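Asks: A structural model of the following input is requested.
(one chain, ligands or ions: 1)
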Amino acid sequence: MPLQPTDVLRSVLQGQRLSEEAALALFERCDVLSLGGVADEIRKRLHPEPIISYVVDRNINYTNICISRCSFCAFYRSAGASDAYVLSRRQLFQKIKETIGLGGTQILLQGGLHPDLRLQFYCDMLRFIKREFTIHIHGFSPPEIIHFARLNSMSIAEIISRLRAAGLDTIPGGGAEILSERVRSEMSPHKCSADEWLRVMKIAHEMGMRTTATMMFAHSENYAERVEHLSKIRQLQDETKGFTAFIPWTFQPFNTRLGGMPVFGVEYLKTLAISRIFLDNILNIQASWVTQGSKIAQLALRFGANDLGSTMIEENVVRAAGVSYRMSLSEMKGLIADAGFQPRQRDCYYNFIDGVSEKGN
Ligand code: SF4
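Replies: Got it, this is the predicted structure:
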């Protein structure tokens, strides 16, 4: 007899870990409100205080030149394109100065897979930032690290350790998309494989670095592949405990070769809720107002999310795909408060940094 969603949800509330089979049953047959109710209950158990955290930061994309040419990406350019760029030191300086002026505590530093820039370029960039500013650098997702390793004929561990010595603090979970080789070979055949993505994260965790995990969904994957993705993340977290947070967000199709229509609301909330239920070993789940807008992001706070992510003083990648929601700091705080929570600013390790009290991770 097929698994019944109500039985699955009851067993979850009794403390049973969700199996892959049960997760698939939830994706295929469970109504979104029941999922939301259980995800919200789990969020409350993990975060009993009615607090939703956020971070003030800026996404800085140091270059849009990329040889990967993923079919879902509207951001990349070839080296000869008229709007191709590599940020100058001066531009970098201005962006970080402005971020700090707006109360920012970190930058997300990511770029395309540039064919020519050697490791020295990135290490110099990190040293320059750390010399000029006191700011946390969350940077270089696994595809970039794999690219650096190939281009410089170095091991992953050596690349990470050099970047870290130059000032890298934590690694973002970008480039995970869906950790299934079938999906990746179709959408991003030149990018790192699922195993390589996981290997970078494992090595970083073993070296004592914290990272985040992401999932970009609703493109060419099926539900079983979403479950496969969640399962791989959970397995690695069982081993290393290195992920600070999980951030699911939906594919934005405009201006991309892959195309299609974006999914909104219900599919997003359902996937968010199942992620909260499935990933019982990851403390923080982030809502994506950047792809969903403020109203759905607010609802997400009742579907398992305990964090609203970044104020994103700057964001280029999703904007290139035709979506450009903006949110000021006061709007973000208001949105959290209107949903019945207390907004609290955090750092990249999910410690509160607004002086009221501390939350560890
Ligand atoms: S998603 Fe990243 S790796 Fe893929 S084309 Fe865009 S910038 Fe390049």
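Asks: in the helix or strand where residue 330 lies, what counts as buried?
Replies: For residue 330, the element it lies in under DSSP states H and E is helix 329-338. Taking 16 or more other CB atoms under 10 Å as the basis for neighbour counts, the residues of helix 329-338 that come out buried are 329, 332, 333, 335, 336. (Glycine included, C-beta is placed from N, CA and C.)
Asks: quick one: stretch 184-192 to chain centroid distance?
Replies: Relative to its parent chain, stretch 184-192 has a centroid offset of 19 Å by CA atoms, centre = their mean, to the nearest Å.
Asks: do that stretch and the ligand meet?
Replies: Yes. Counting by CB under 6 Å from any ligand atom, the ligand has neighbours in stretch 184-192: 188, 191.
Asks: for stretch 154-174, same thing?
Replies: No. Under the criterion of CB under 6 Å from any ligand atom, the ligand is not reached by stretch 154-174; the shortest gap measures 7.5 Å.
Asks: could you confirm residue 107 falls within a strand?
Replies: Yes. The assignment for residue 107 (DSSP: H, G, I helix; E, B strand; the rest coil) places it in a strand.
Asks: quick one: pLDDT of it?
Replies: With respect to pLDDT, residue 107 has a value of 96.
Asks: and this protein, which residues reach the ligand?
Replies: When proximity is defined by CB under 6 Å from any ligand atom, the chain lies next to the ligand at 66, 68, 69, 70, 73, 75, 76, 112, 113, 143, 188, 191.
Asks: now, these that are in helices?
Replies: Among those, the members falling in helices (DSSP state H) are residue 143.
Asks: now name the helix or strand holding residue 245.
Replies: Short version, using DSSP H and E: residue 245 is in strand 243-250.
Asks: for residue 259, grab phi and psi.
Replies: Reported as degrees, to the nearest 10, the phi and psi values for residue 259 are phi 70, psi -160.
Asks: ok now do it, which residues does it touch?
Replies: residue 253 (CB atoms under 8 Å, 6 or more residues apart in numbering).
Asks: in CSV, list the buried residues of helix 329-338 along with pLDDT.
Replies: Listed next are those as CSV, based on pLDDT from 0 to 100:
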residue, pLDDT
329, 86
332, 90
333, 93
335, 92
336, 95
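Asks: looking at these, which is nearest residue 14?
Replies: The nearest member of the buried residues of helix 329-338 to residue 14, counting by CB to CB, is residue 336 at 30.5 Å.
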